[in-house]
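# I need the structure of the sequence given here:
(2 chains, ligands or ions: 1)
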Amino acid sequence: MLIKHVRANDPSSSEITPRSVFADRRRLLKAAAAAGVWALAPAAASAAKPARGEPIPNVVKWPKSLPEMPTAYDLATTYNNFYEFGFDKDDPARHSSKFKPRPWTVKVEGHAEKTGTFDLDDLIKPHQLEERVYRFRCVEAWSMVVPWVGVPLGDVLKKFGPTAKAKYVAFQTVLRPEEMPGQRLALLKWPYVEGLRLDEAMHPLALLTVGMYGELLPNQNGAPLRLMLPWKYGFKSIKSIVRIAFVENQPPTSWNIATPSEYGFYSNVNPRVDHPRWTQATERRLGDPFFSPRRPTPMFNGYADEVAHLYAGMDLAKLY
Amino acid sequence: MTRFAKPIVFALCLLPLAWLAHKGWTAGFGAHPQEYVNRFLGDWALRFLLLALAVTPLRQIGDWPQLARFRRMIGLYAFFYVVLHVSSYVVATHFFDWAAIWKDIVKRNYITVGMAVFVMLLPLAATSTAAMVKRLGAARWKKLHRLVYLAGIGGVFHFFMMVKLDWREPLLYAVLLAFLLGYRAFKRLRRA
Ligand code: HEM
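Numbering: from 1, shown residues only, chains lettered A, B, ... in the order given. Okay, the predicted model is just below:
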């Protein structure tokens, strides 16, 4: 009884949108917006759905996108780890409406020829926006497939002219306790910080992301600017970025500060190195049926061909 | 009234499960339903275990002798929710992947502890009938059932160990448990 009804009502199975339908619907939304009848669009999408974001124009499709069906929008936007807005998975969606992602500036510092404070639009505008469907793997062994919209991080970083001393790139999330209730509790050290080796940051898969599902990022997913590093666990893909610094030494990272034995600097997806409290060999794909086997997690989350060379010769069990 | 007390408490203890079924039926369990169900059942397993441990102190402090007859039922409900919690772990979390489950039990401390608590509760549930109390004799039965203190500690510990960062809820249970066990220790010391 229960089983049958869980399945019948589970949004994960009934609301997954096949890629073609999803694309069609988005085209429809765009057309509606263009025609100035935006008010009709949510109804066209589905009456009961939460308000959707603003569509992003002039996005080209990246040819190497995963051929997989994206996770339903509702799942990807209601099940989030964004501790700035609370510690439960539904907190970010529920407690982020006061957050103001615009106007937005990013401070660029450190060993680079060009530094300063830049408007978000000025950072992004010179580049062609791409839609890339990536696998996303959380360190907590759940995963999803999301069409992100962004520009290659390396292309943006190159414009600042990192000098020879720049070995790493440090990133920082905005600190606004008045808009981010989770920041009022010192369970993590705020603001959230992350970092990459310069060659990792320059890797063509690293996406400086401004949107998902063809729309501007919702607040709970890291508006207005986040990283997307598909071969690393999700927490490396820092959200709501306000600071980028080119630095000489490996920068501190928030989860590594909190629990160094569980979260390393690299945090590459690696099915052979378990988290102390759970296996990383398999994962739960959001949207899979309630009763279904877990999926095997591929090395580097399936991006080994592209990124494995970055870590040649490193002991990934030690440098996790 | 007292005639209905037991059926009423019996039904009340089923409310969490009924709520879970209703939510599954109407709204679904959200983006990660396996995790949701498993955690929900784990929460209630621990709450009922603590509630069972609270019966005696409440009875004595509140001078409320009638409470004693609910103790067995609440204890069995704790076991019932533990069984559901563990079943959801086997069936939903791991979908019968016995190799992964075995690895979890031997490798992950919090699962090892959870398993130990489950194993401790088995003989307690099995000896919960009046006939079993008689067969064991009251003294031996009592001795055996002191295992529940260890089970309580293990249950709270299990929760503490699985938490990533937000330890506020397990801390609350730890404080409650400390009070429930501290009360007993205090009484014993005073009697000795
Ligand atoms: C074989 C025995 C057991 C296994 C395999 C087991 C497994 C688990 C798992 C996998 C989780 C969730 C971890 C996560 O979602 O990250 C969990 C959480 C939990 N378990 Fe158990 N467990 C066992 C026994 C018990 C027992 C005996 C109790 C209580 C008396 C209990 C109470 C809890 C509680 C309170 C939580 C936390 C729920 C929450 O996050 O709100 N478990 N357990």
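# who does residue A:268 form a beta bridge with?
With DSSP bridges as the criterion, residue A:268 is bridged to residue A:232.
# and for it, the neighbour number?
25 (other Cβ atoms under 10 Å in any protein chain shown). Where C-beta positions appear, they are placed from N, C-alpha and C, glycine not excepted.
# likewise residue A:164?
Close neighbours of residue A:164, defined as other Cβ under 10 Å, add up to 7.
# can you pull the contacts of it?
residue A:111 (Cβ atoms under 8 Å, 6 or more residues apart in numbering or on different chains).
# for it, grab phi and psi.
phi -60, psi -30 (degrees, to the nearest 10).
# same question, residue A:283
When read as degrees, to the nearest 10, the backbone of residue A:283 gives phi -150, psi 160.
# from residue B:56, how far off is the nearest residue to residue B:181 once chain neighbours are set aside?
Once flanking residues are discounted, residue B:181 sits nearest to residue B:149: 5.9 Å by Cβ to Cβ, 6 or more residues apart in numbering or on different chains. Residue B:149 is 11 Å from residue B:56, where distance means Cβ to Cβ, to the nearest Å.
# quick check: neighbours shared by the two?
Both residue B:149 and residue B:56 are in contact with residue B:184, where contact means Cβ under 8 Å, 6+ apart.
# point to the residue nearest the middle of chain B.
What sits nearest the mean C-alpha location of chain B, by Cα atoms, centre = their mean, is residue B:49, with 3.1 Å.
# work out for me the element that residue sits within.
According to DSSP states H and E, residue B:49 maps onto helix B:33-61.
# following that helix, which helix or strand comes up?
According to DSSP H and E, the helix or strand after helix B:33-61 is helix B:71-88.
# that next one: what's the following helix or strand?
According to DSSP H and E, the helix or strand after helix B:71-88 is helix B:98-107.
# got a list of what residue A:128 touches?
So residue A:128 contacts A:58, A:60, A:151 (Cβ under 8 Å, 6+ apart).
# in TSV, list those along with neighbour count, secondary structure and distance to residue A:161.
Listed next are the contacts of residue A:128 as TSV, based on neighbours: other Cβ atoms under 10 Å in any protein chain shown; DSSP: H, G, I helix; E, B strand; the rest coil; distance: Cβ to Cβ, whole Å:
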residue	neighbour count	secondary structure	distance to residue A:161
A:58	6	coil	27
A:60	9	strand	26
A:151	19	strand	17
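# make a markdown table from those and add distance to the ligand to it.
A markdown table is the format used below for the contacts of residue A:128 (distance: Cβ to the nearest ligand atom, whole Å):
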| residue | distance to the ligand |
| --- | --- |
| A:58 | 42 |
| A:60 | 39 |
| A:151 | 35 |
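# can you redo those as TSV with pLDDT?
As requested, the contacts of residue A:128 are exported to TSV (pLDDT from 0 to 100):
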residue	pLDDT
A:58	93
A:60	97
A:151	98
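# and which of these is nearest to chain B?
Distance ranking of the contacts of residue A:128 against chain B, using Cβ to the nearest Cβ, places residue A:151 first at 28.0 Å.
# distance check, the closest residue to that closest one other than its chain neighbours against the ligand.
Leaving aside its sequence neighbours, residue A:151 sits nearest to residue A:127 (Cβ to Cβ, 6+ apart; 3.8 Å). Separation of residue A:127 from the ligand (Cβ to the nearest ligand atom, to the nearest Å): 39 Å.
# and residue A:167, how many neighbours?
There are 16 residues near residue A:167, going by other Cβ under 10 Å.
# list the contacts for residue 147?
In the absence of a named chain, this looks at chain A. So residue A:147 contacts A:65, A:70, A:131, A:132, A:133, A:212, A:213, A:214 (Cβ under 8 Å, 6+ apart).
# wait, chain B
Residue B:147 touches B:120, B:123, B:124, counting by Cβ under 8 Å, 6+ apart.
# how about 10 Å then?
B:117, B:119, B:120, B:121, B:122, B:123, B:124, B:154 (Cβ atoms under 10 Å, 6 or more residues apart in numbering or on different chains).
# same deal with residue A:113?
A:159, A:160, A:161, A:162, A:163, A:246.
# run the last query once more with 8 Å
A:160, A:161, A:162, A:163.
# okay, it and residue A:107: tell me how far apart.
16 Å.
# so where do the helices sit in the stretch 201-320 of chain A?
In the stretch 201-320 of chain A, the helices defined using DSSP state H, counting those that start in this stretch lie at A:254-258, A:304-307.
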